[in-house]
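*Asks:* take this sequence and fold it.
(one chain, ligands or ions: 2)
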Amino acid sequence: MENIKNRALELASNALSWTDEAIQKFTSLESLPEPLDCKPGCHYCCFNLPMVTPPEALFIGHHIDQTFTDQQKQTLNTRIQKILKKIAGKPSDEIFMMRHELPCIFLEESMCLIYAVRPAVCRTCTSTSAEHCKMIFETRNHRARLRCYQQIREIFHTFQTDLVNRSKEMGCQTGFFYVAETMKDYFRHPEPIDAWLQGKMVFHRKV
Ligand code: SF4
Ligand code: SF4
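*Replies:* Ligands and ions are numbered 1, 2, ... in the order given. Coordinates of the predicted model:
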């Protein structure tokens, strides 16, 4: 049974490793006009509701299950409830524009609690100017684009397409969900990974 479960986890793990390698390869090009300005603790982009695919959600949920203490799980659950209550009934456009009020459920003391397993959207959310990210955040100009290289946006697009196609080929649920929603579903389900592999709808959109 563990081997079967690993198929689901490896799907996300391999795709995320590919993403990291692709970013690394691109950013080490000598012809890169400017380096990325992303550093540990820089978290303007973490006031957000990251969207994830089911394999990423399973990968994150499994990691939390294995590594978080009961107290950490309780704190996380409280944050999930708070965020979902805040966005309940709101259209995605409105949610997007209130992102300064929505710290990610995994943001703690300016750091990411799940850094090793964070989703592709966070790995590829990069900028050549932290000052620009700060300005966007402070002025709440959320429609402004980050100073991210188009090539890195394309890496993200390739990641998503590949993961969606592979999930479809396996007859498993696909789609994009707020990570807070997926964590609620993951921890409510008795066997989320098995159920997903059996083609069941594990994740539900609540907003
Ligand atoms: S994308 Fe912007 S806010 Fe996020 S880590 Fe990079 S520089 Fe900082
Ligand atoms: S998962 Fe981590 S990196 Fe991504 S938004 Fe949340 S705190 Fe930031």
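*Asks:* for ligand 2, what are the nearby residues on this structure?
*Replies:* With CB under 6 Å from any ligand atom as the criterion, the chain meets ligand 2 at residues 46, 48, 50, 104, 106-107, 112, 114, 118, 122. Any C-beta I mention is one placed from the backbone N, CA and C, and that applies to glycine too.
*Asks:* show me where the protein dips below the pLDDT cut-off.
*Replies:* By pLDDT under 70, the low-scoring segments of the chain are 1-2, 206-207.
*Asks:* all helices for it, in order.
*Replies:* Under the criterion DSSP state H, helices of the chain are mapped to 2-27, 54-67, 70-87, 92-97, 120-124, 130-139, 150-169, 179-188, 192-197.
*Asks:* export these as a markdown table, with columns for mean neighbour count.
*Replies:* Listed next are these as a markdown table, based on neighbours: other CB atoms under 10 Å:
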| stretch | mean neighbour count |
| --- | --- |
| helix 2-27 | 15 |
| helix 54-67 | 21 |
| helix 70-87 | 14 |
| helix 92-97 | 12 |
| helix 120-124 | 21 |
| helix 130-139 | 15 |
| helix 150-169 | 16 |
| helix 179-188 | 21 |
| helix 192-197 | 20 |
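*Asks:* spatially central, which residue of this structure would that be?
*Replies:* Geometric centre of the chain, nearest residue: Pro119, 3.4 Å, by CA atoms, centre = their mean.
*Asks:* residues touching that residue, list them.
*Replies:* For Pro119, the contacting residues are 16, 50-52, 56, 60, 179, by CB atoms under 8 Å, 6 or more residues apart in numbering.
*Asks:* farthest-separated two in the residues of the chain next to ligand 2?
*Replies:* Across the residues of the chain next to ligand 2, the longest distance by CB to CB is 14.3 Å; it joins Asn48 and Ile114.
*Asks:* so for those two, which sits in the more crowded spot?
*Replies:* Asn48 (23 against 19; other CB atoms under 10 Å).
*Asks:* wait, doesn't the more buried one sit right on His100?
*Replies:* No. The criterion here is CB atoms under 8 Å, and Asn48 misses it with His100 at 9.4 Å.
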